[in-house]
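J.: attaching a predicted model along with its sequence, questions to come.
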Amino acid sequence: MGSPISRVIERFGTGVGTGSLVLAGLYQGADIQTVTVELLLVTVQVVYLEALPAVALFTAFLLVTGTLLVREVWSSRDDDPRITDGPPLEAIVPVYGDAETLPISVESLVESEYENLTVTVVVEPNDEPTRSVARRLAARHDRVRCRVNGRPGSKAGAINWAVAESDADHFAVFDADEWIDPAFLPRAMAELVGDGGGDGDSDADVFQGRRVPRATGPVETLAYCERVLFHSSYKLVELFGFANCRSSSTVFTREALERVGGFDDVLTEDLAFAHDCYRVGCSVTQARQWTNTMEAPHTLGDLWGQRKRWRVGQVEVLHRTLREALEEGVDRRGLVSIGRLSSALLGTLAVLLLAGKIVLLLALNTESALLVPVACLLALIGGVALRDVQDGRIDGLHWSACFVVFVVPAFGVLTLKAVLEYAISWNGEWYRVTKTGTEAAAVGHGGDD
């Protein structure tokens, strides 16, 4: 952590910045707009507050991106090609302090329908409890092996080392707390080896499924809802050819990893990987109807800390990308990458401006103007959750899902705090969420296969 003074400055700046943006939104929203329409014999003049079109624009954004996400999630999996046998595939599970949760991912991978599969658990040299669990799992299952990380210290290093030590040309990466659908890897390999339903000349370099938190309680439900909103926001940029591929629920070729130079040792190596893949032109196939699950944070403090870590990592990747652009130049894909990173941060700050305008509408007793966007927000989450319930990914949503409206402005506060923390008080540390593994016995998801 930074010094006490730097932390005070960062927190003060977050408070002032948040208040300033909300007040600016309040001021802008109070601006009166007039539109005059000349008809044949009548002149119609419409007077409205600027806050109303801002809310309408946000509603349109929810409608478009939400519809695209719900449509994708509800796409039938029955006709999707899968292969159960093919070239060697190595599933890498990098772990640190994951003794309680490791059986979740390993036991689900052992049940995978892809036959030529090796599960490699990469443990850190100083993590004896997790190494002990990994060794027991390896002794129990022929598919599983335990390896001690030869490049200790980071998830990126563990993945890169495991790939370098392997003879396989196809790899999958999962976190220790992930439950993986038995048909997930057969679906992914159908894309990577050329049986993905295409013309045979456009085999994918990377396959990305969807991963959602298991909504087992009030905080866990908020985490689930927040992920739905983020998946929805991704849909807009995907219309322009940018695909998000991560370092979990991801399958890729050795060639793809070599083209991007491996995973970068940054706070959010998965975000850096996604942008690296885009900049070098890797072909990425996304299929969010293929869904795995992960353990969600169990406290509001952990939820906030985890999301802040991800946002600080986003700022770090943007900083790195801008620095490389200044030093090495930038092409069209590089500009799109920078635009995507910048717009993601600026968009969440714009939500604080919107919050000020919503406060104005509430103060003027015009709550009815907010019914449509709130209904769209809940319909989006409900539409995705219904599919996940049907597939056995979650049991349902807690009543805390009603508070998701407060999650939206929290995005902006997180961004402000992350930018200031990165600039003032961050010194490379990262927040670690407590995972209990208590869900392991309950993870036996039903599905439609």
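T.: Thanks, I have the structure now.
J.: ok, which stretches of this structure are helices?
T.: 4-29, 51-73, 102-110, 128-140, 155-165, 184-192, 218-238, 254-260, 269-280, 300-328, 332-363, 371-390, 404-420 (DSSP state H).
J.: how about the first one: buried residues?
T.: Read that as helix 4-29. For helix 4-29, the neighbour count (16 or more other CB atoms under 10 Å) marks 6, 9-10, 13-14, 17-18, 21-22, 25-26, 28-29 as buried. No exception for glycine: its C-beta is placed from N, CA and C like everyone else's.
J.: need those residues in TSV (columns: distance to Val315 and pLDDT).
T.: Listed next are these as TSV, based on distance: CB to CB, whole Å; pLDDT from 0 to 100:
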residue	distance to Val315	pLDDT
Ser6	16	83
Ile9	17	88
Glu10	13	87
Gly13	14	92
Thr14	13	92
Gly17	14	93
Thr18	17	94
Leu21	17	94
Val22	21	93
Gly25	23	91
Leu26	27	90
Gln28	26	88
Gly29	28	84
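J.: can you add distance to Leu257 and give those residues back as a markdown table?
T.: Formatted as a markdown table, the buried residues of helix 4-29 follow (distance: CB to CB, whole Å):
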| residue | distance to Leu257 |
| --- | --- |
| Ser6 | 37 |
| Ile9 | 40 |
| Glu10 | 36 |
| Gly13 | 39 |
| Thr14 | 37 |
| Gly17 | 38 |
| Thr18 | 40 |
| Leu21 | 40 |
| Val22 | 43 |
| Gly25 | 43 |
| Leu26 | 48 |
| Gln28 | 46 |
| Gly29 | 48 |
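J.: with respect to His319, which of those residues is nearest?
T.: Glu10 (16.2 Å; CB to CB).
J.: from the helices of the chain, which stretch is densest packed?
T.: Mean neighbour count, computed with mean count of other CB atoms under 10 Å, is highest for helix 184-192 among the helices of the chain, reaching a mean of 26.
J.: that one - contacts with which helices or strands?
T.: strand 89-94, strand 170-173, strand 206-213, strand 250-253, strand 284-294 (3 or more CB pairs under 8 Å, 6 or more residues apart in numbering; DSSP states H and E).
J.: low pLDDT regions in the stretch 151-300 of the chain?
T.: Across the stretch 151-300 of the chain, the ranges flagged by pLDDT under 70 are 195-202.
J.: between which two of the buried residues of helix 4-29 is the distance greatest?
T.: The span of the buried residues of helix 4-29, defined through CB to CB, is set by Ser6 and Gly29 at 34.3 Å.
J.: and Leu68, what does it touch?
T.: Counting by CB atoms under 8 Å, 6 or more residues apart in numbering, Leu68 makes contact with Ser232, Lys235, Leu239.
J.: for the first one, give me its contacts.
T.: I take that to be Ser232. Going by CB under 8 Å, 6+ apart, the list of residues near Ser232 reads Leu62, Thr65, Gly66, Leu68, Leu69, Leu380.
J.: could you rerun that using 7 Å?
T.: Listed by CB atoms under 7 Å, 6 or more residues apart in numbering, the contact partners of Ser232 are Thr65, Gly66, Leu69, Leu380.
J.: again with the last one
T.: Residues touching Leu239, when contacts are defined by CB under 7 Å, 6+ apart, are absent altogether.
J.: near the residue lying closest to Ser248 once chain neighbours are set aside, how many other residues are there?
T.: Nearest residue to Ser248, sequence neighbours excluded (CB to CB, 6 or more residues apart in numbering): Asp175, at 4.9 Å. Burial of Asp175, expressed as a neighbour count using other CB atoms under 10 Å, amounts to 22.
J.: okay but Asp175 is in contact with Met294, surely?
T.: Yes. With contact defined as CB atoms under 7 Å, Asp175 reaches Met294; the gap is 6.2 Å.
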